[in-house]
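Q: quick check, what structure comes out for this input:
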Amino acid sequence: MTFELEHTLPDGRARAGRFATDHGVVETPVFMPVGTAASVKGLFHRDVAEAGARIILANTYHLYLRPGMDVIEAAGGVHRFSSWNKPMLTDSGGFQVFSLAQCRKLTDEGCRFSSHIDGSQHMFTPAGVIDIQRTIGADIMMAFDECPPGDSPRDYAAKSLKLTHRWLERCFERYNATAPKYGHYQSLFPIVQGCTYPDLRAEAAEFVQQFGADGYAIGGLAVGEPAPVMYEMIEVVNAILPHDKPRYLMGVGTPVNILEAIDRGVDMFDCVMPTRNGRNGMLFTAEGIINIRNQKWRDDFSPIDPMGHCFADTAYTKAYLRHLAVSGEMLAAEIASLHNIAFYMWLVDEARRRILDGTFAQWKDEMVVKLMRRL
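A: Predicted coordinates:
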């Protein structure tokens, strides 16, 4: 995987670039829609791509449990299995093990857990997770880590970080000892942990560089800590991580979070928020946030986003979408999810354009005010 920085703002933080995988080139900053089961919930791949998605994320934990690695391998990997022919990233499953699995037991070897589906017993180890992701076949794989709670005491956070680093060494040992199964290259990104402790975050950012990875992830944020603390941790980490490699902020977040993180040098994002919130009637627009179920939209026949940022908006009005939502029609969730995905794509693409033409700083400050408004 190659990464090219096209432009960095004079303050040395916000930047525009591109990375190349065997399944295509991805311009950054980029948002990756979450396709937990190799599917962005409720949307056709065609529509996700037309909304501007260049790369999506799938989940190792979920695909491992269902349909299982025998099915994925027999299909020839996740791209052929799902018919998504663009780049794909898989997380390690670590976050899901710690948030979804029941009766988990954590040891230096790995994590033993019970499936949230049927209660069956499983074991994730660093080497095993690499093997699983080799079988899935995503272009970018994530190292197995522990994602401790955001409010963890410092002693627990330090202990957890040491475990994550031991696991990371074993991940790269397995990665270097194995080869891709389907003829395309796979990158492995380390994950920087450390909770909300600047010295632990700095320690982690220094530690991961020894592996010479194709890119680096920042994990364990947006898990309940105040937004200013999250931004502080991003600044600490990005001041240390290599300038010439992509930086991926995992699981973040709101449109405001994304713009603030871009301003601090982040290149890649993912979050369930566009689709999850869309299914519940929350729409993100360039003028603010809409709860489409509110009575005020009952007779509003204007497009969802009058600025026309999202291609689906030309066909549907706020009044019609509200009618679908309060009627419980499945189409409401589809339209809202697609709108939000398209809006997120517009947001990062516009940020990229503003970085390249030098107007990002002023535009970002204006957009943050708008994006926080409830309409």
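Q: flag the shaky bits of the stretch 101-250 of the chain, pLDDT-wise.
A: Applying pLDDT under 70 to the stretch 101-250 of the chain flags the ranges 101-103.
Q: can you show me the strands along it?
A: If DSSP state E, counting those that start in this stretch is used as the criterion, the strands of the stretch 101-250 of the chain fall at 102-106, 111-114, 121-124, 140-142, 187-189, 191-192, 216-218, 247-249.
Q: reformat the ones you listed as TSV; add distance to Arg13.
A: Where you see a C-beta, it was placed from the backbone N, CA and C, and this is true even at glycine. Output for these, formatted as TSV (distance: least, CB to CB, whole Å):
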stretch	distance to Arg13
strand 102-106	36
strand 111-114	35
strand 121-124	35
strand 140-142	23
strand 187-189	20
strand 191-192	17
strand 216-218	14
strand 247-249	11
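Q: turn those strands into a markdown table, columns for mean neighbour count and distance to Phe81.
A: Below are the strands of the stretch 101-250 of the chain laid out as a markdown table (neighbours: other CB atoms under 10 Å; distance: least, CB to CB, whole Å):
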| stretch | mean neighbour count | distance to Phe81 |
| --- | --- | --- |
| strand 102-106 | 12 | 27 |
| strand 111-114 | 19 | 24 |
| strand 121-124 | 16 | 21 |
| strand 140-142 | 27 | 16 |
| strand 187-189 | 23 | 20 |
| strand 191-192 | 30 | 25 |
| strand 216-218 | 27 | 24 |
| strand 247-249 | 27 | 24 |
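Q: closest one to Ile55 among those strands?
A: Closest of these to Ile55 is strand 140-142, at 8.1 Å (criterion: CB to CB).
Q: who touches that closest one?
A: If you take CB atoms under 8 Å, 6 or more residues apart in numbering as the criterion, strand 140-142 is touched by 1, 21, 60, 87-92, 94, 130, 133-134, 175, 186-189, 191, 214-215, 217.
Q: so which of those are in helices?
A: Those of the contacts of strand 140-142 mapping onto helices are Thr60, Gly94, Ile130, Gln133, Arg134, Tyr175, per DSSP state H.
Q: now the two most distant members of these.
A: Between all members of the ones in helices among the contacts of strand 140-142, the farthest pair (by CB to CB) comes out as Gly94 and Arg134, at 16.7 Å.
Q: more neighbours, the two?
A: Using other CB atoms under 10 Å as the criterion, Gly94 and Arg134 rank with Gly94 on top: 26 against 21.
Q: any idea how far Phe189 is from the nearest residue to Phe172 once chain neighbours are set aside?
A: Take Phe172 and drop its neighbours on the chain: the residue closest to it by CB to CB, 6 or more residues apart in numbering is Phe211, 5.2 Å away. Using CB to CB, to the nearest Å, Phe211 is found at 10 Å from Phe189.
Q: still on that earlier bit, what sits against the residue nearest to Phe172?
A: Applying CB under 8 Å, 6+ apart, the residues contacting Phe211 are Leu168, Phe172, Pro190.
Q: same thing with Gly77?
A: By CB under 8 Å, 6+ apart, the contact set of Gly77 is Thr135, Ile136, Gly137, Lys181, Tyr182.
Q: now with 6 Å, please.
A: Gly137, Tyr182 (CB atoms under 6 Å, 6 or more residues apart in numbering).
Q: state the distance from the closest residue in space to Met230 that isn't next to it in sequence to Met372.
A: Nearest non-adjacent residue to Met230, counting by CB to CB, 6+ apart: Leu221, 4.7 Å away. Look at Leu221 and Met372: by CB to CB, they are 19 Å apart.
Q: between these two, who's got more neighbours?
A: Leu221 (29 against 12).
Q: can you tell me how far that one sits from Glu334?
A: Taken as CB to CB, the span from Leu221 to Glu334 is 30 Å.
Q: what of Ser327?
A: 14 Å.
Q: who has more neighbours out of the two?
A: In terms of neighbours (other CB under 10 Å), Glu334 is the more surrounded of Ser327 and Glu334; the figures are 20 against 9.
Q: surely the more buried one meets Phe44?
A: No: using CB atoms under 6 Å, Glu334 is not in contact with Phe44, being 9.0 Å away.
Q: was I right to think Phe301 contacts Lys318?
A: No: the criterion here is CB under 6 Å, and Phe301 misses it with Lys318 at 7.4 Å.
Q: neighbour count for the two, which is higher?
A: Lys318 (24 against 9).
Q: relative to Asp300, how far out is the more buried one?
A: Distance from Lys318 to Asp300, by CB to CB: 4 Å.
Q: if we ignore the residues flanking it in sequence, what's nearest the most centrally placed residue in the chain?
A: In the chain, the residue lying closest to the centroid (CA atoms, centre = their mean) is Asp270, at 1.8 Å. Of all residues beyond its chain neighbours, the one nearest Asp270 is Met32 (4.2 Å), with distances taken as CB to CB, 6+ apart.
Q: okay, buried residues for the longest helix seen in the chain please.
A: Secondary structure assigned by DSSP H gives helix 330-357 as the longest helix of the chain. Under the neighbour-count criterion of 16 or more other CB atoms under 10 Å, helix 330-357 has 332-352, 354-355 buried.
Q: which residues does the residue nearest to the centre of the chain bridge with?
A: Beta bridges link Asp270 to Met32, Val252, judged by DSSP bridges.
Q: that one: what's it in contact with?
A: Asp270 makes contact with Met32, Val34, Leu57 under the criterion CB under 6 Å, 6+ apart.
Q: thinking again about what came up before, can you name the element that comes right after the longest helix of the chain?
A: helix 360-371 (DSSP states H and E).
Q: end to end on stretch 207-220, go ahead and measure it.
A: 16 Å (CA to CA, to the nearest Å).
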